[in-house]
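Peer 1: Need a 3D model of the sequence below.
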Amino acid sequence: MRREAAAIRREWLGHLLSTRPADRPAAEAAISELYLLIGLDPPRFHWVSSPAAALLTVPPRRRLRATEVLERLDEWPVPARLSRLLGELRGKVDRRMRENLRFRARRLLDTLIQQEISVSLARSFDAVARTQIRAAYLFPPWRFPSWYGMLCVSHMAYYDALRRMTGMAFGPWEERVLDLWTTVNRSCILWWPRTDTCTVSERPVAMHTEVWGDEGEVRLHHADGPAVRYADGWDVHAWHGTSVPSWVIDDPSVERIAREENVEIRRCAIERVGWAEYIDRAGLRLVASAPDPGNPGAELRLYDMRGNTRVLLAVNGSAERDGHRRRYGLTVPGHFSDPIAAAGWTYGLSAEQYSQLVRRT
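Peer 2: Numbering: from 1, shown residues only. The predicted structure follows:
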């Protein structure tokens, strides 16, 4: 069963990461049917080349309503009605599922599907699609329109797995709605439904990811250029899942790093250079070094940095996927002069408590 679940997860992950041109006829037909199901005429379709262009262009001979602006996406009437349709589908399927999964073996199978398919794909969607959306529209982490959650492939992958792995029967209405949402998920990724016009983004022409989770989760990462690139030239640079300005990947100079105020972006840029090389290029002064009691055979090195800050250079306690142990830097307050005390501070421990660790990870 785990092998079958992994195969279904890979299949749906392939749809999420696809760089093939969108299947426009299939997407338009399915979205038109969804409009009919909520009592609306099929919309006019406005295809754009990237998510960045989606809400920055106005379809020909169409004017946006005052309510149909990005800041009020969750108030748009059509996304709200489609969300209710999906909620109704979930309610019907969940009731049917409870009837079909009364036996312990079936409940265990449902748990397996959720853990190895739904949760894994939701994490990958967040790390791939949401990263692009935030890069395009600069949404803060605490304010992210719920409509994008409706587009996550994990929902349809879950129901697809239920049908294929449990043999659970669905009613005609449920089958129809499931098939329509599934077709949209497989044909394109991002779309924005308005009352009479639906804007749909093409897929990217290039995408680079890395595996970062135990269940095959992926995130955007590319050390030699954009992690995602669209046909119109819009792109997203990413370092191990963090969206960064292009200079972090293309030209991470000491001067640019020094001017960067965002701590996460500065960290990514330094990692791109390599901590040891950055310390050498920047001419950081070594304050002190000591054997790492929490990581036998490794050394802690404490350096002065700009302002009232110091950086602790350490070696990861566990190996990466390639078998190497990564060297990384942690910023600590400038009053530390003992690298062991600084290392303890990063764990919320005193120097004495950190010294007694058997091994950290």
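Peer 1: host element of residue 39?
Peer 2: Under the criterion DSSP states H and E, no helix or strand holds residue 39.
Peer 1: Please name the nearest non-neighbouring residue to residue 249.
Peer 2: residue 237 (4.9 Å; CB to CB, 6 or more residues apart in numbering). C-beta here means a position set from N, CA and C on the backbone, and glycine is covered the same way.
Peer 1: Can you tell me who the one you found pairs with across the strands?
Peer 2: Beta-bridge partners recorded for residue 237 (DSSP bridges): residue 244.
Peer 1: quick one: low-confidence ranges for the protein?
Peer 2: Applying pLDDT under 70 to the chain flags the ranges 57-68, 100-106, 141-142, 307, 317-325, 358-361.
Peer 1: mind listing what the spatially most central residue of it touches?
Peer 2: Nearest to the mean C-alpha position of the chain, by CA atoms, centre = their mean, lies residue 127 at 1.0 Å. Applying CB atoms under 8 Å, 6 or more residues apart in numbering, we find residue 127 in contact with 212, 217-220, 241.
Peer 1: Am I right that it falls within a helix?
Peer 2: Yes: with DSSP: H, G, I helix; E, B strand; the rest coil as the criterion, residue 127 is part of a helix.
Peer 1: sorry, back to before: what subset of the contacts of residue 127 is buried?
Peer 2: Buried members of the contacts of residue 127, counted by 16 or more other CB atoms under 10 Å: 212, 217-220, 241.
Peer 1: Turn these into CSV, including secondary structure and distance to residue 281.
Peer 2: Shown next, in CSV, are the buried ones among the contacts of residue 127 (DSSP: H, G, I helix; E, B strand; the rest coil; distance: CB to CB, whole Å):
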residue, secondary structure, distance to residue 281
212, coil, 28
217, coil, 34
218, strand, 32
219, strand, 28
220, strand, 27
241, coil, 25
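Peer 1: Now distance to residue 336 too, for those residues, in CSV please.
Peer 2: Formatted as CSV, those follow (distance: CB to CB, whole Å):
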residue, distance to residue 336
212, 31
217, 35
218, 37
219, 32
220, 34
241, 29
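Peer 1: Now do the closest residue to residue 247 other than its chain neighbours: how many residues are near it, please.
Peer 2: Excluding the flanking residues, the one nearest residue 247 by CB to CB, 6+ apart is residue 256, at 5.6 Å. By other CB atoms under 10 Å, 15 other residues sit near residue 256.
Peer 1: and if you look at residue 215?
Peer 2: Neighbours of residue 215 (other CB under 10 Å): 16.
Peer 1: that's a strand at it, yeah?
Peer 2: No: remark: residue 215 does not belong to a strand; assigned using three-state DSSP, it is coil.
Peer 1: Just list whatever residues bridge to residue 197.
Peer 2: Bridge pairing for residue 197 - DSSP bridges - gives residue 44.
Peer 1: I'd guessed it sits against residue 42; true?
Peer 2: No: using CB atoms under 8 Å, residue 197 makes no contact with residue 42, being 10.7 Å away.
Peer 1: These two: which is more packed in?
Peer 2: residue 197 (19 against 15).
Peer 1: how much space between that one and residue 355?
Peer 2: As defined by CB to CB, to the nearest Å, residue 197 lies at a distance of 65 Å from residue 355.
Peer 1: circling back: just checking, the residue nearest to residue 249 touches residue 251?
Peer 2: No: taking contacts as CB under 8 Å, residue 237 lies outside contact range of residue 251: 11.5 Å.
Peer 1: Cool, thanks, signing off.
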